[in-house]
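Asker: Here's my sequence, what's the structure:
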Amino acid sequence: MEDHQILLYLAAIAIGAGAGLVLPGAEHLEVGINPVLGLLLYATFLGVPFAAIGRAVRDVRFLGTVLVLNFIVVPVVVFALSRFVAGDPPLLFGVLLVLLTPCIDYVIVFSGLAGGASARLLAAAPLLMLVQILLLPVYLLLFIGPTGVAAVEIGPFVEAFLVLIVLPLATAAATQALAKRTRIARRVEGVMQGLMVPLMMATLFVVVASQAGAVADNVSRLIVLVPVYGAFLVVMAALGMAAGKMARLDVPSWRALVFSGATRNSLVVLPLALALPADLGLAPVVVVTQTLVELVGMIIYVRVVPWLIPSRVSMVNT
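Answerer: A predicted model of the protein is given here:
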């Protein structure tokens with residue numbers, strides 16, 4: 001990623017934080033998260049050849065490694081890190097809710113910016129969504145007990161998958177098909193590709209601005225989460241590197257794997273957190289805090305991951 005893009009994204013985060021802290025009613029910008037994220041993913045999907053998605057679905061090695069990393073390795077890491085907030089139920093529940101669910105949306109964007117295999121992550125998204133729906137109650141039962149399972153509904157998972165993956169993906173596929181026959185569709189492709197950076201900035205701004213106030217109101221209680229979430233990003237970078245090397249993935253797949261292990265489904269699980277009972281009322285802000293830490297972390301990842309996994313690295317595939 002170009003240096004000026006990094007500066008623009010950091011500026012969007014900083015301006016969003018400032019707006020969220022000083023503008024009355026900034027929290028209402030939350031309604032814009034899904035629309036702007038959906039547009040960003042539509043633009044992203046337009047740049048992914050759909051034939052490549054078909055090939056990616058058959059990449060058993062990559063899909064298997066992604067599943068092992070996210071649903072066997074990550075829970076072990078999450079359990080260890082969650083011990084730091086085990087005495088505070090709302091913090092514990094929020095941490096588990098967000099860190100146990102792998103990202104299916106903007107991970108595709110950030111991975112692509114770092115030269116990762118976006119088509120493979122896109123192909124993995126339905127599988128990741130299905131498995132996390134099935135396994136999240138199991139992990140909550142193991143880590144918290146029956147009360148953790150009873151508090152979770154799957155409706156927001158399904159809604160987010162339809163709105164953030166299925167709809168943008170179907171629209172992008174239709175646009176690509178029409179672009180072979182109509183000039184208008186080709187112009188739409190070109191315009192949307194040119195809007196990638198502004199759409200990413202808009203997404204960062206809206207997410208941060210809408211949530212900054214809630215985080216600031218609870219900062220004394222939430223501050224302990226920053227090192228927890230930061231440690232997760234550092235640990236998962238190392239474990240993602242190790243998993244990709246052990247699986248002998250090619251460079252784009254290896255980079256995508258690192259991003260998949262580190263990014264979490266915060267925008268999807270936020271509605272889940274908002275639906276929790278009153279005694280877990282702080283959990284949504286715990287999820288939002290992870291979003292803010294992760295956004296900064298992803299800006300760092302897009303520079304560090306290509307350095308850790310340079311293009312000249314050669315992995316042997318069989």
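
Asker: Next, the distance between the ends of stretch 189-201.
Answerer: 19 Å (Cα to Cα, to the nearest Å).

Asker: nope, stretch 78-92 is what I was after
Answerer: Using Cα to Cα, the two ends of stretch 78-92 sit 10 Å apart.

Asker: Residues contacting it, please?
Answerer: The contact list for stretch 78-92 (Cβ atoms under 8 Å, 6 or more residues apart in numbering) reads 95-96, 99-100, 143-144, 221-222, 224-225, 227-228, 231-232, 235, 279-283, 286. Where C-beta positions appear, they are placed from N, C-alpha and C, glycine not excepted.

Asker: now the chain, which segments are flagged as low pLDDT?
Answerer: Low-confidence segments of the chain (pLDDT under 70): 1-3, 49-56, 147-154, 157, 313-318.

Asker: Drop anything exposed from the contacts of stretch 78-92.
Answerer: The neighbour-count test (16 or more other Cβ atoms under 10 Å) marks 95-96, 99-100, 143-144, 222, 225, 228, 232, 235, 280, 282-283, 286 as buried among these.

Asker: Grab the nearest non-local neighbour of the residue positioned nearest the centre of the chain.
Answerer: Central residue of the chain (Cα atoms, centre = their mean): residue 103, 3.6 Å from the mean position. Distance criterion Cβ to Cβ, 6 or more residues apart in numbering; nearest residue to residue 103, sequence neighbours excluded, is residue 263 at 3.8 Å.

Asker: Could you report the neighbour count for the one you found?
Answerer: Number of residues near residue 263 (other Cβ atoms under 10 Å) recorded here: 26.

Asker: Please verify my assumption that it contacts residue 105.
Answerer: No - assessed by Cβ atoms under 8 Å, residue 263 is found out of contact with residue 105, at 9.0 Å.

Asker: wait, what's in contact with the residue nearest to the centre of the chain?
Answerer: By Cβ under 8 Å, 6+ apart, the neighbours of residue 103 are 260, 263, 264, 265, 266.

Asker: List phi and psi for it.
Answerer: When read as degrees, to the nearest 10, the backbone of residue 103 gives phi -70, psi 140.

Asker: Same question for residue 264.
Answerer: Dihedral angles for residue 264 - degrees, to the nearest 10 - are phi -120, psi 160.

Asker: so what's it up against?
Answerer: By Cβ under 8 Å, 6+ apart, the neighbours of residue 264 are 98, 99, 101, 102, 103, 290, 294.

Asker: could you say which helix or strand contains the first one?
Answerer: The reference is to residue 98. helix 89-99 (DSSP states H and E).

Asker: which is the next helix or strand following that helix?
Answerer: helix 106-113.

Asker: elements contacting that following helix?
Answerer: helix 33-46, helix 118-143, helix 251-262, helix 283-308 (3 or more Cβ pairs under 8 Å, 6 or more residues apart in numbering; DSSP states H and E).

Asker: That one versus helix 251-262: what angle between them?
Answerer: 140 degrees (axes from the mean of the first three to the mean of the last three Cα atoms, to 10 degrees).

Asker: Pull the most distant pair out of the buried ones among the contacts of stretch 78-92.
Answerer: 235 and 280 (25.8 Å; Cβ to Cβ).

Asker: Would you mind giving the contacts of residue 264 as CSV with distance to residue 186 added?
Answerer: What follows is the contacts of residue 264, written out as CSV (distance: Cβ to Cβ, whole Å):
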residue, distance to residue 186
98, 40
99, 42
101, 37
102, 34
103, 31
290, 39
294, 35
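
Asker: Just give me how far stretch 250-265 sits from the chain centre.
Answerer: What separates the centre of stretch 250-265 from the centre of its chain is 11 Å, taken as Cα atoms, centre = their mean, to the nearest Å.

Asker: send the alpha carbons of that stretch over as PDB?
Answerer: Output of stretch 250-265 as PDB, limited to C-alpha atoms (Å, rounded to 0.1, in the frame of the first residue of the first chain):
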ATOM      1  CA  ASP A 250       2.000 -19.500  -1.700                       C
ATOM      2  CA  VAL A 251       2.700 -15.900  -0.800                       C
ATOM      3  CA  PRO A 252      -0.800 -14.400  -1.500                       C
ATOM      4  CA  SER A 253      -2.500 -17.200   0.400                       C
ATOM      5  CA  TRP A 254       0.000 -16.900   3.300                       C
ATOM      6  CA  ARG A 255      -0.600 -13.200   3.600                       C
ATOM      7  CA  ALA A 256      -4.400 -13.700   3.500                       C
ATOM      8  CA  LEU A 257      -4.200 -16.400   6.200                       C
ATOM      9  CA  VAL A 258      -2.400 -14.000   8.500                       C
ATOM     10  CA  PHE A 259      -5.100 -11.400   8.100                       C
ATOM     11  CA  SER A 260      -7.900 -14.000   8.600                       C
ATOM     12  CA  GLY A 261      -6.400 -15.100  11.900                       C
ATOM     13  CA  ALA A 262      -6.100 -11.600  13.200                       C
ATOM     14  CA  THR A 263      -9.200  -9.800  12.000                       C
ATOM     15  CA  ARG A 264     -12.400 -10.300  13.900                       C
ATOM     16  CA  ASN A 265     -16.100 -10.000  13.100                       C
END
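
Asker: No more questions from me, cheers.
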